[in-house]
Structures are given as C-alpha cells and as structure tokens.
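Peer 1: Got a predicted structure here, sequence first:
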Amino acid sequence: MEKLNLLAGQHIFVITAVLAVIIFILLVLLLLTRKQLAVMQEKYDYFTKGSEADIDQVLTRTLHELEAAQKELHQLQQKHGQLREQVRGCIQKVKLERYDAFDAMGGQMSYSVLLADENNDGVILTSIYGREDNRCYAKDVKGGKSSFVLADEEKKLL
C-alpha cells in the first residue's frame with residue numbers, strides 16, 4: 001500500500017492531467033447530449049402541440065387524421081373526375097375571325113366564330129356582310145373537321 005501511495009505521489013501530475021482530460025471529454029459529451037435532447041424536445045413539443053400527451057396517443061391521433069385526409073382526398077379526386085367528364089362536352093374554345101368578305105367593302109364587318117369543346121366538336125357561325133344583304137351560316141364541326149366546305153377564314157379558326 002505504501003508503494004502504491006509513493007507511486008501515486010510521484011505521478012500525481014500525470015494522474016491529475018489524465019483525470020482533467022477525462023472530465024473535459026465528459027463535459028463535451030454532456031453538452032452534445034443536451035443539444036440532442038433539446039432537438040428531441042422541440043420535435044416532441046411539435047408533435048404533441050405543447051400538451052402533455054403520451055407519444056402513443058399522439059401517433060394514433062395523427063394516423064387517424066391521416067386516414068381521414070386520405071379518404072377526403074379520394075372523394076375529391078372522384079368528384080374532380082365527375083366534373084371533368086361534365087366539362088368535357090362544354091364549350092371550351094371560342095375563336096373569332098373578322099374579315100372583309102368582299103373587296104369593295106371595308107371595316108371587316110364579316111366574321112366567323114368557332115364554338116367547340118375539348119374534342120374540337122362544335123359549330124362555326126359565319127356572317128357575311130354585304131352592302132345590300134347579310135347572310136349567316138352555321139357549319140358543324142366534328143373532331144376539328146366539318147362536313148361542309150370551309151372558307152379560308154373558317155379554316156383559320158380550326
């Protein structure tokens with residue numbers, strides 16, 4: 001025992017230095033652990049919304065909310081599909097072309113109007129304005145093509 005005390009007395013500086021290094025390492029580890037704990041506490045507070053709750057309850061509630069949101073999303077997607085089908089046959093394209101039907105006329109008083117759905121099905125309405133009369137025509141359009149002969153101005157609309 002005396003030898004041990006004598007040996008410790010001779011190397012007290014080395015022992016103290018080693019213990020100081022160990023304490024420093026432990027302090028660094030303590031600070032890192034506290035930082036990680038603070039991050040975890042922030043996440044926990046975010047999930048529990050600041051209330052004292054069991055994490056199992058929070059996760060269960062969150063899963064129920066997620067399932068409800070997924071059901072609502074599915075219903076909205078179905079409704080969107082139904083509305084998309086309804087709109088498919090509605091007029092979506094309206095184009096107007098004004099022009100002078102006769103060389104002697106000015107002011108571009110004649111016009112053609114295209115009214116079509118997304119499949120390019122619809123009608124072209126044409127009004128030819130002349131000094132003595134005015135004529136109107138309606139030509140059906142199916143898939144971007146008409147069963148009637150189209151004037152150049154009407155073709156521009158398609």
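Peer 2: On my side now, so go ahead. Numbers count the residues shown, from 1 in each chain.

Peer 1: domains of the chain?
Peer 2: What automatic domain parsing lists as the domains of the chain is 51-88, 93-157.

Peer 1: which one is Ser146 nearest to, not counting chain neighbours?
Peer 2: Excluding the flanking residues, the one nearest Ser146 by Cβ to Cβ, 6 or more residues apart in numbering is Lys139, at 5.0 Å. For every residue, glycine as well, the C-beta is placed using N, CA and C.

Peer 1: contacting residues around that neighbour?
Peer 2: 123-124, 126, 146-148, 150, 154 (Cβ atoms under 8 Å, 6 or more residues apart in numbering).

Peer 1: sec struct for it, please.
Peer 2: Secondary structure for Lys139, judged by DSSP: H, G, I helix; E, B strand; the rest coil, is strand.

Peer 1: so how far is Ile124 from it?
Peer 2: According to Cβ to Cβ, to the nearest Å, Lys139 stands 5 Å off from Ile124.

Peer 1: Please enumerate the shared neighbours of those two.
Peer 2: Contact with both Lys139 and Ile124 is made by residues 146, 150, 154, according to Cβ under 8 Å, 6+ apart.

Peer 1: so of the residues you listed, which ones are in helices?
Peer 2: Glu154 (DSSP state H).

Peer 1: In which helix or strand does Leu114 reside?
Peer 2: Here Leu114 sits within strand 110-116, counting by DSSP states H and E.

Peer 1: Now do the buried residues in that strand.
Peer 2: Of the residues in strand 110-116, 110-114, 116 count as buried by neighbour count, 16 or more other Cβ atoms under 10 Å.
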